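S.K.: build me a model from this:
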Amino acid sequence: MNYLTKTKEELIRVVEKQKQEIESLKALLDKQTPQIPNKKKSEITESDDQLKIITESSLDAIILMDNSGNITFWNPAAEKLLGYSKHEAIGSNLHKLLAPVKYHNDHEKAFSIFKHTGEGPVINKVLELEALSKDGKQIFIELSISKIKIDNKWNALGFIRDATQRKQTEVSLRRSERKFQNLIENINDVVYEVDKDGKIKFISSPIERIIGYKPEEIIGKNFLDFVGENAEYLAGRLFMLNENPEINNDYKIKSKSGEDRWIRLSTKAIFKDGKLVGGTGTLVDVTPTKLIELELQKSEESFRHMVENINDVVYEIGIDGTVKYVSPSIERFLGYKPEELIGQNFFNYMYEEDFPVIVQRLKTLNQRNYSYQRASLFC
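M.R.: The predicted structure follows:
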């Protein structure tokens with residue numbers, strides 16, 4: 001995308017430059033024509049030193065075509081670009097010499113009008129066309145054409161620039177873009193890009209599978225419009241990209257049908273000239289996993305509430321005797337709060353004569369021998 005934008009800007013600069021050169025050449029030709037009306041136009045251009053300097057030093061090919069469609073001027077850059085010497089080119093029909101057959105019909109229709117009016121669909125425009133060089137190769141060119149009147153007849157003055165390398169680069173770029181587009185459209189993760197204000201600049205098509213919106217329904221809108229109650233929090237997270245170039249979080253959003261969906265965002269900052277301009281990343285649907293997690297949390301809370309409100313003491317200890325959990329009712333039995341016991345060794349609170357029996361019981365737990373054992377504890 002950036003390359004194509006750059007190319008467009010370069011093309012605009014080329015057009016402006018060529019317009020200036022065309023005006024200079026037109027002025028010089030117009031100045032000479034009434035002074036030596038009986039001379040050939042090629043002799044007119046060669047007789048003027050200033051015109052010769054301009055045309056011979058130009059990096060662009062400069063070609064003049066007369067009212068019959070024949071070449072009357074051919075500068076060194078034209079020879080270098082198209083392969084024909086000045087002697088070979090001058091007097092030849094321009095379109096028969098350089099234009100692929102596919103352009104001939106359109107040229108004949110347009111040229112018949114141009115001969116009489118100086119008007120046509122290509123006049124004062126920059127075109128991207130194909131041309132044939134002397135060796136038969138087809139090259140891409142940028143062509144700008146201006147009308148000019150010589151001996152009271154309309155002639156065409158053209159500037160040609162080789163665009164083959166740029167065109168090949170564009171073709172390769174578009175091929176890469178299509179390949180990349182196909183890749184991101186066929187992975188399960190959603191790829192997205194937002195600007196610094198949260199406006200969605202791009203989002204891949206798998207988003208429709210997750211929240212029901214097509215990309216074209218989302219692009220151009222602010223992502224905060226889709227996150228409901230999380231909007232304020234997410235706005236702050238986006239701002240955090242200034243200090244933390246990558247953020248990851250799970251969020252609940254509303255689908256097009258109103259259903260709650262859980263997504264996992266991984267966003268990396270985009271900086272330009274040291275300033276945050278946006279973020280890009282991936283989005284994954286984690287709804288099934290998140291719903292299970294939430295159910296487990298509810299179950300855990302319910303179990304914890306039940307355990308903490310029964311009379312019996314519920315506990316968990318490691319094989320080495322470390323207390324991992326003990327319910328609040330322990331305080332009623334031993335006077336210790338749970339936080340005083342968790343992390344301590346269970347054996348520190350037993351009488352030594354009970355050690356062998358308890359150790360043996362712990363060793364046989366993997367044999368599912370869960371028979372009741374009475375032990376004395378320090379209170």
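
S.K.: when you work out contacts or count neighbours from here on, use the C-alpha atoms and nothing else.
M.R.: Fine.

S.K.: mind giving me the domain ranges of the chain?
M.R.: Annotated domains of the chain cover 2-166, 187-289, 308-379 [automatic domain parsing].

S.K.: and Ser329, what does it touch?
M.R.: 308-313 (C-alpha atoms under 8 Å, 6 or more residues apart in numbering).

S.K.: which among those count as buried?
M.R.: For those, a burial check counting by 16 or more other C-alpha atoms under 10 Å picks out 308, 313.

S.K.: any idea of the mean pLDDT for stretch 229-248?
M.R.: For stretch 229-248, mean pLDDT rounds to 77.

S.K.: now do the contacts for Thr280.
M.R.: With the criterion set at C-alpha under 8 Å, 6+ apart, Thr280 makes contact with 191-194, 267-270.

S.K.: helix, strand or coil for Glu300?
M.R.: helix (DSSP: H, G, I helix; E, B strand; the rest coil).

S.K.: for the chain, just list every one of the strands.
M.R.: 61-65, 71-74, 126-132, 138-150, 153-162, 190-195, 200-203, 246-254, 260-272, 275-285, 315-317, 323-326 (DSSP state E).

S.K.: okay, now the sheet partners of the first one, with direction.
M.R.: Each strand that pairs with strand 61-65, with its direction, by DSSP bridges: strand 71-74 (antiparallel), strand 153-162 (antiparallel).

S.K.: which one, of the strands of the chain, ends up nearest to Leu94?
M.R.: strand 71-74 (5.7 Å; C-alpha to C-alpha).

S.K.: what about the closest one, distance to the chain center?
M.R.: Averaging C-alpha positions (C-alpha atoms, centre = their mean, to the nearest Å) puts strand 71-74 46 Å from its chain's average.

S.K.: got the buried residues for stretch 267-282?
M.R.: Applying 16+ other C-alpha under 10 Å to stretch 267-282 flags 267-270, 276-282 as buried.

S.K.: export those as TSV, with columns for distance to Glu56.
M.R.: Shown next, in TSV, are those (distance: C-alpha to C-alpha, whole Å):
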residue	distance to Glu56
Thr267	55
Lys268	52
Ala269	51
Ile270	47
Leu276	48
Val277	46
Gly278	49
Gly279	50
Thr280	50
Gly281	53
Thr282	55
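
S.K.: report the two of those separated the most.
M.R.: Across these (C-alpha to C-alpha), the longest gap, 18.4 Å, separates Leu276 and Thr282.

S.K.: format the strands of the chain as TSV; extra columns: distance to Lys298.
M.R.: Shown next, in TSV, are the strands of the chain (distance: least, C-alpha to C-alpha, whole Å):
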stretch	distance to Lys298
strand 61-65	78
strand 71-74	85
strand 126-132	66
strand 138-150	68
strand 153-162	70
strand 190-195	30
strand 200-203	34
strand 246-254	18
strand 260-272	17
strand 275-285	22
strand 315-317	20
strand 323-326	19
